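**Student:** Next one to model:
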Amino acid sequence: MRRFAEIVDKLRLVDLPLQGREFTWNGGLNNQSWARLDRFLVSPIWLDQFRGVFQSRLPRPVSDHFPVLLVGGGIRRGLSPFRFENMWLKVEGFKDLIRSWWRGIEVRGSASFRLAVKMKEIKQKLKVWNKEVFRRLDCNKSSALQQVDFWDRVESERNLNVEKRELKKEAKESYKKWVLLEEIHWRRLSREIGLREEDKNTSFFHRMASAYRRNNSLDIVKINGEWLSEEQKVRKGIANAFQQLLSKDTGWKADIGRLQLDQISQQEVENLEIPFSETEVHSALMEMNRDKAPGPDGFTVAFWQSCWDFIKTYQHFGRAL
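**Tutor:** Here you go, the predicted model:
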């Protein structure tokens, strides 16, 4: 069983949760032996295409093996929202690229307007750069590994000269780089920020990320006594439910006019109105964990920390650099 687990881990396969009983085979003397022999193993890329996937054990009318059914909630639809990848910051020249894009975007208006427009432009440029230059992480790693294997085969046939030994070294460094970037990617998705990078935790990070995805998957929801599973009906039902909750209610309201509530002093009121200084904003930002979940715009804390020197705002005077 240990050997089987090692192979599954090496091939980066996922053993989906089994609904129902723990075992899939029953036999032996007086049917006293039980084992988990049957299962579906899927790749992470395949799993990302579907939602709510699990294994279900069915009744067995004849065989000593229980049939196993693979159940899925359907294909994932819709465009994925933009998410800044912290691993991009490890790419040589990436910060210089962001800086050149930032300085090349000309826009007029208030500080907040200029900042919002520039961030939107940066987001679009990153999408193009990721698709045309950085490309798929798994493909890059696979290509680098093929180069390493190529030079290993060449070296097994003949001695390499200085130039070719250097090429083999570059291939190994390239593979090491993509492995590290992959680990950074899955570390952020796993939320296991207590573990360090470069400790070869990629497989563990991936399993944790997949577990979070399955646990957070919402396939059916009950709204006003009605169960909804179709995606558009769920969206509309949730929107209508919150609209009713947050709409103005003309009915009974609590009377708090006679309550004696503590009040802050006038000086404290004035202190609350003092604009934040750049030093305070910078200090708070740098103390945040760089691997925390991104904001609504998709940019992570790591992005703001790394690019603070040329993406900073001055709140009080409304001036953005």
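**Student:** residue ranges of the helices in the stretch 151-300 of the chain, please?
**Tutor:** Along the stretch 151-300 of the chain, counting by DSSP state H, counting those that start in this stretch, helices occupy 162-190, 202-216, 231-246, 266-272, 278-287.
**Student:** could I get those helices as CSV with mean pLDDT?
**Tutor:** Below are these laid out as CSV (pLDDT from 0 to 100):
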stretch, mean pLDDT
helix 162-190, 78
helix 202-216, 63
helix 231-246, 84
helix 266-272, 90
helix 278-287, 88
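**Student:** Looking at these, which is nearest to residue 47?
**Tutor:** In terms of Cβ to Cβ, the element of those nearest to residue 47 is helix 202-216, at 6.5 Å. Quick note: C-beta positions are derived from backbone N, CA and C, even for glycine.
**Student:** re the thing from before, out of the helices of the stretch 151-300 of the chain, which comes closest to residue 8?
**Tutor:** Taking Cβ to Cβ, helix 202-216 is the member of the helices of the stretch 151-300 of the chain nearest to residue 8, at 9.7 Å.
**Student:** re the thing from before, who wins for proximity to residue 99 among the helices of the stretch 151-300 of the chain?
**Tutor:** In terms of Cβ to Cβ, the element of the helices of the stretch 151-300 of the chain nearest to residue 99 is helix 278-287, at 17.8 Å.
**Student:** would you turn the helices of the stretch 151-300 of the chain into JSON lines with distance to residue 83 and mean neighbour count?
**Tutor:** Shown next, in JSON lines, are the helices of the stretch 151-300 of the chain (distance: least, Cβ to Cβ, whole Å; neighbours: other Cβ atoms under 10 Å):
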{"stretch": "helix 162-190", "distance to residue 83": "9", "mean neighbour count": "17"}
{"stretch": "helix 202-216", "distance to residue 83": "13", "mean neighbour count": "16"}
{"stretch": "helix 231-246", "distance to residue 83": "21", "mean neighbour count": "12"}
{"stretch": "helix 266-272", "distance to residue 83": "34", "mean neighbour count": "9"}
{"stretch": "helix 278-287", "distance to residue 83": "19", "mean neighbour count": "12"}
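**Student:** can you put those helices in TSV and add distance to residue 132?
**Tutor:** Listed next are those as TSV, based on distance: least, Cβ to Cβ, whole Å:
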stretch	distance to residue 132
helix 162-190	17
helix 202-216	26
helix 231-246	31
helix 266-272	48
helix 278-287	31
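**Student:** Can you tell me which of those is nearest to residue 307?
**Tutor:** Nearest to residue 307, of all those, is helix 278-287, at 10.9 Å by Cβ to Cβ.
**Student:** Output the contacting helices and strands for that closest one.
**Tutor:** Packing partners of helix 278-287 (3 or more Cβ pairs under 8 Å, 6 or more residues apart in numbering; DSSP states H and E): helix 301-306.
**Student:** for the helix it packs on, which positions count as buried?
**Tutor:** Within helix 301-306, the residues that qualify as buried are 301-304, 306, counting by 16 or more other Cβ atoms under 10 Å.
**Student:** could I get those residues as TSV with distance to residue 178?
**Tutor:** Output for the buried residues of helix 301-306, formatted as TSV (distance: Cβ to Cβ, whole Å):
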residue	distance to residue 178
301	24
302	19
303	21
304	25
306	20
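**Student:** nearest to residue 120, of those residues?
**Tutor:** Closest approach to residue 120 among those (Cβ to Cβ): residue 303, at 14.3 Å.
**Student:** Not counting its neighbours along the chain, what's nearest that closest one?
**Tutor:** Counting by Cβ to Cβ, 6 or more residues apart in numbering, residue 84 is the residue found nearest to residue 303 once chain neighbours are left out, at 5.0 Å.
**Student:** ok, now residue 16?
**Tutor:** Excluding its sequence neighbours, the residue lying closest to residue 16 (Cβ to Cβ, 6+ apart) is residue 55, at 5.0 Å.
**Student:** try residue 175
**Tutor:** residue 144 (4.0 Å).
**Student:** What is the neighbour count of the closest residue to residue 41 other than its chain neighbours?
**Tutor:** Among residues not flanking residue 41 along the chain, residue 13 sits closest, at 4.3 Å (Cβ to Cβ, 6+ apart). Residue 13 has 16 neighbours, counted by other Cβ atoms under 10 Å.
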